[in-house]
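In: Here's a sequence, model it:
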Amino acid sequence: MGRESFSGVPTCRQLLQVADGLWTFLEIKGIEPTNNAAERALRHSVIQRKISHGVQSRQGAICRSRLLTVTTSLRQQGRDIWQFLEQALIAHHRGGEMPSLLPNP
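Out: Numbers count the residues shown, from 1 in each chain. The predicted structure follows:
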């Protein structure tokens, strides 16, 4: 796109109309600059996939997706991931009751 084909005037007018709200997240503590919580939740899994170069089997994909669901849920709840996985492994081997992913009320 050439410089002559770009007209920034409408864009500038639109920005000026919402100028008061553009930087609210800097002025008020606790307001996030983005509302994309899903993207933030996926960040760990995307980085892990890039580092490990994905999975090689269908069973591996199923295992990975389940582990990512568990770890993401626990992370959002502020719960200890390793403690949960240890409890789940012990319950599986002993035939006991599996720990719940539901948050404690």
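
In: Let me know the pLDDT of the spatially most central residue of the chain.
Out: To find the centre residue of the chain, average its C-alpha atoms and take the closest one (CA atoms, centre = their mean): that gives residue 41, at 0.7 Å. Among the per-residue scores, residue 41 holds a pLDDT of 74.

In: tell me the contacts of it?
Out: Residue 41 makes contact with 72, 76, according to CB atoms under 8 Å, 6 or more residues apart in numbering. To be clear about C-beta, it is placed using only N, CA and C from the backbone, and glycine gets the same treatment.

In: residues near residue 74, how many?
Out: Neighbourhood size, residue 74 [other CB atoms under 10 Å]: 19.

In: Kindly provide the distance from residue 68 to residue 56.
Out: Remark: distance between residue 68 and residue 56 (CB to CB, to the nearest Å) = 17 Å.

In: higher neighbour count, these two?
Out: Applying other CB under 10 Å to residue 68 and residue 56 shows that residue 68 carries more neighbours, namely 16 against 8.

In: Quick check: nearest residue in space to the more buried one, chain neighbours excluded?
Out: Leaving aside its sequence neighbours, residue 68 sits nearest to residue 45 (CB to CB, 6 or more residues apart in numbering; 4.7 Å).

In: same check, this time on residue 63
Out: residue 55 (7.9 Å).

In: per-residue confidence at that neighbour?
Out: Listed pLDDT for residue 55 reads 84.

In: three-state assignment of it?
Out: At residue 55, secondary structure determined by DSSP: H, G, I helix; E, B strand; the rest coil is coil.

In: Would you agree it is in contact with residue 62?
Out: No. Residue 55 is not in contact with residue 62 according to CB atoms under 8 Å; the separation is 9.0 Å.
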